[in-house]
Structures are given as C-alpha cells and as structure tokens.
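*Asks:* fold the stuff below for me.
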Amino acid sequence: YNHMQMVEWKDKLGKTLLVFPMHSTDDSVLNYNNQLYIQEIEKRAKEYDSVIISVFWWNLDDGIVRQFKKMGYHIASAGYREDPNFLRRQRAMIEVADHVISDSVGTHIGYCYKLGKQVEFITVDTHIKINEVTSDKERFNRKQRKIVQDVIEKGNSNEVDNIMNFYWGNNINL
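*Replies:* Numbering: from 1, shown residues only. A predicted model of the protein is given here:
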C-alpha cells in the first residue's frame, strides 16, 4: 500500500488490535482451546474499534478461524511465506495495529519490534503436534522460541535488543 492507502485503511479500522495465532505447517497440526482463545481476545477487544486476526494461509480453514469470523473480527493473511509480497503484507498489518498479541514466537515478533510495536504474549492452551518424530532441529527451534519469548516477557530492553539483533539482525543497517 502507498502512504495514502495506509492512512485510509487506518482511518477505516480505527484503534486496532492485531492477533497473530500460532500456526501449523505441512509437518504439524494445531489444537486450539477455541473458547479460551476467544475469551482472551474479547477481554482486550473492548478497548478497540477493530480486531485483525493474521492467519497463516495453511490455517485459513481451521474451525477457530470460522469462530473468529463469527465474532466479527477481520481475517487477514500475509499469504505464502515465499511470496515476494509476504513481508509487505505482514508489515502493513503491523503498521495499522495499535496493539499486538500472540500465543507464539514467529517472524512477526522481530518485525513488530522493528516497527516499534510491543507484543503481548497470551496463554491460550494451544498445542502443536508435529507429524513426524521430533527432530533435533525442531527441539532446538522450540528451545530458541522459548528463549525469545522469555526475554520479551521480562521486558529488559537491553536483553530484548540483543535478542532482536541476534535472531532478526535489527542492528544491521543496509
């Protein structure tokens, strides 16, 4: 979107809550606690004019997404991760948001940080089942995501800066 389109979109949405639910992949399946997830969003949504749920394309047909639609939330997707416009779409959603919540660490965390948006982690009892035997790589990735989340939740700005520099290269100027 150009600047004017972003301004128009923001004006239309008003004060906006952006939600990044954990997503599955071709190697995993998610089980959401739909009731708990919706309760957590509803607690926060009272303060906002609009709620955008950023859904990974793989999960667009999930039951919880249908429930989000029934609640009147805007459903959006940045698309397929290899799509050249994926990050542009994700950035646009982050830029119009006034507050961001998530139940997981993903690419959105680094981009929110870079765009000056703090992410609030919520606990909504989402479980992920990996379709194959958990590999050493997946165990390592889970440990890294836990480290990132713990640092962000503590809120020590120096530690958060270090994590963002290490995982997202936010200290690199091009």
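*Asks:* tell me which residue is most central in this protein.
*Replies:* Per CA atoms, centre = their mean, the C-alpha nearest to the average position across the chain is that of residue 20, at 2.6 Å.
*Asks:* what's across from it in the sheet?
*Replies:* residue 102 (DSSP bridges).
*Asks:* in this structure it contacts residue 107, no?
*Replies:* No: when contacts are counted by CB atoms under 8 Å, residue 20 is not listed as touching residue 107 (9.3 Å). Heads up, the C-betas are built off the backbone N, CA and C, glycines and all.
*Asks:* just to revisit the earlier point, and the residue nearest to the centre of the chain, what does it touch?
*Replies:* Residue 20 makes contacts with 54, 100, 101, 102, 104, 106, 108, 119, as judged by CB atoms under 8 Å, 6 or more residues apart in numbering.
*Asks:* one more time with 10 Å, if that's ok
*Replies:* 52-56, 78, 90, 93-94, 97, 100-109, 112, 119 (CB atoms under 10 Å, 6 or more residues apart in numbering).
*Asks:* please identify the buried residues of the helix ranked longest in the chain?
*Replies:* In the chain, assigned by DSSP state H, the helix with the most residues is helix 136-154. Neighbour counts over helix 136-154 (16 or more other CB atoms under 10 Å) mark 148, 149, 151, 152 as buried.
*Asks:* what touches both of residue 20 and residue 107?
*Replies:* Residues touching both residue 20 and residue 107 by CB under 10 Å, 6+ apart: 78, 90.
*Asks:* which residues touch residue 119?
*Replies:* Contact partners of residue 119, counting by CB under 10 Å, 6+ apart, are 18, 20, 94, 99-102, 105, 108-113, 149, 152-153.
*Asks:* okay, it and residue 155: tell me how far apart.
*Replies:* 11 Å (CB to CB, to the nearest Å).
*Asks:* residue 15 now?
*Replies:* For residue 15, the distance to residue 155 - CB to CB - is 23 Å.
*Asks:* now residue 165
*Replies:* If you go by CB to CB, the gap between residue 165 and residue 155 works out to 17 Å.
*Asks:* about what we covered before: now restrict the contacts of residue 119 to buried residues only.
*Replies:* Buried among the contacts of residue 119 by 16+ other CB under 10 Å: 18, 20, 94, 99-102, 105, 108-113, 149, 152.
*Asks:* closest one of those to residue 47?
*Replies:* residue 99 (8.1 Å; CB to CB).
*Asks:* doesn't residue 49 make contact with that closest one?
*Replies:* No: counting by CB atoms under 10 Å, residue 99 sits too far from residue 49 to count as a contact (11.9 Å).
*Asks:* thanks a lot, see you next time.
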